[in-house]
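Peer 1: coords please:
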Amino acid sequence: MTQVLAQWQSAVDFAQRGGELLGVVSFAASGALLAVRKNLDIFGMAVLACGCALGGGVIRDLLIGRTPPAAFTDLTYLCAAALTAFAIFFRHPSHRLTRSGLEIFDAIGLGLFCVTGTAIAYAHGTGAPTAALLGMVTAIGGGVIRDVLAGEVPAVLRPDQELYAVPALFGAAATATLLHFGAYRAWSGLLAAAGAITFRLLARRYNWRAPQPRHRPDPQPD
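Peer 2: Next comes the predicted model:
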């Protein structure tokens, strides 16, 4: 029985690491594609790619007391982000297709990171609600850093942008629920990530936005 549990835990850890690396590559690609749209040089592409890929995880690790953050102790993540940036530097789509690629890679990174971020936070002793919030921070933090470095208002704060943080919170909440009830597995985590990715892409497709406060009309002068 102990051997079976050890094998199960090993499979979960392998899937967790694979999800993190895929999320890093996806977010690095979105950062590099935004750099292409901004006509940045190779250094600028690397900065945007690494900031987007690693920023959310660094924020999460600092909040849970995991210091130094994994991005600085395991250079696999940094190397994966940098290699992705260099690959896009040498071969990237035309400007017409760059935006659609950016949105797809961003959605994939969002979905994967909201799951892996939640799982890491929960494993470090946080409760399920806190883990879900930290999973959302992991998912949206890199995108915020990317947009700020590129001189744009972060998409998560713009009223003219489709839902961004809500899909991340959806995936993180689903993951936290699975963890709380002991039902988290590699396949169930993948389903939660797929749900968040689909949610984000549907929001893009159908222009779903968060409600805004109604503006009262100015009083007419007497």
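
Peer 1: go through the one helix or strand Leu191 maps to and flag the buried ones.
Peer 2: When elements are assigned from DSSP states H and E, Leu191 belongs to helix 186-206. Neighbour-count burial for helix 186-206, counted by 16 or more other Cβ atoms under 10 Å, picks out 186, 189-193, 195-197, 199-201, 203-204. C-beta: built from backbone N, CA, C; applies to glycine.

Peer 1: nearest to Ser30 among these?
Peer 2: Nearest to Ser30 among the buried residues of helix 186-206: Arg200, at 12.0 Å, using Cβ to Cβ.

Peer 1: what's the distance between the closest one and Pro154?
Peer 2: Separation of Arg200 from Pro154 (Cβ to Cβ, to the nearest Å): 15 Å.

Peer 1: same deal with Ser188?
Peer 2: 30 Å.

Peer 1: next one: Leu83
Peer 2: Leu83 is 26 Å from Pro154, by Cβ to Cβ.

Peer 1: and the two? which has more neighbours close in?
Peer 2: The neighbour comparison of Leu83 against Pro154 (other Cβ atoms under 10 Å) goes to Pro154, with 17 against 14.

Peer 1: hmm, the more buried one is touching Gln161, no?
Peer 2: No. Pro154 is beyond contact range of Gln161, at 9.0 Å (criterion: Cβ atoms under 8 Å).

Peer 1: tell me the pLDDT of Ala6.
Peer 2: Predicted confidence (pLDDT) for Ala6: 46.

Peer 1: ok, Leu21 next?
Peer 2: Leu21 is given a pLDDT of 91.

Peer 1: in contact with it, which residues?
Peer 2: Thr76, Tyr77, Ala80 (Cβ atoms under 8 Å, 6 or more residues apart in numbering).

Peer 1: who wins on neighbours among those?
Peer 2: Neighbour max across the contacts of Leu21 (other Cβ under 10 Å) = Tyr77, 24 neighbours.

Peer 1: low-confidence regions, the chain specifically.
Peer 2: 1-15, 93-99, 215-222 (pLDDT under 70).

Peer 1: could you pull out the helices for it?
Peer 2: 2-37, 42-63, 70-73, 75-90, 95-123, 128-149, 165-180, 186-206 (DSSP state H).

Peer 1: with distance to Arg214 added, can I get the ones you listed in CSV?
Peer 2: Converted to CSV, the helices of the chain look like this (distance: least, Cβ to Cβ, whole Å):
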stretch, distance to Arg214
helix 2-37, 33
helix 42-63, 33
helix 70-73, 43
helix 75-90, 42
helix 95-123, 29
helix 128-149, 26
helix 165-180, 20
helix 186-206, 22
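
Peer 1: among those helices, which comes closest to Gln212?
Peer 2: helix 165-180 (14.2 Å).

Peer 1: who are the packing partners of the closest one?
Peer 2: The contact analysis (3 or more Cβ pairs under 8 Å, 6 or more residues apart in numbering; DSSP states H and E) places helix 165-180 against helix 95-123, helix 128-149, helix 186-206.

Peer 1: and for the last one, what's in contact with it?
Peer 2: Contacts to helix 186-206, defined as Cβ under 8 Å, 6+ apart, come from residues 11-12, 14-16, 19, 103-104, 106-108, 110-112, 114-116, 119, 139, 162-164, 166-168, 170-172, 174-175, 178, 208-209.
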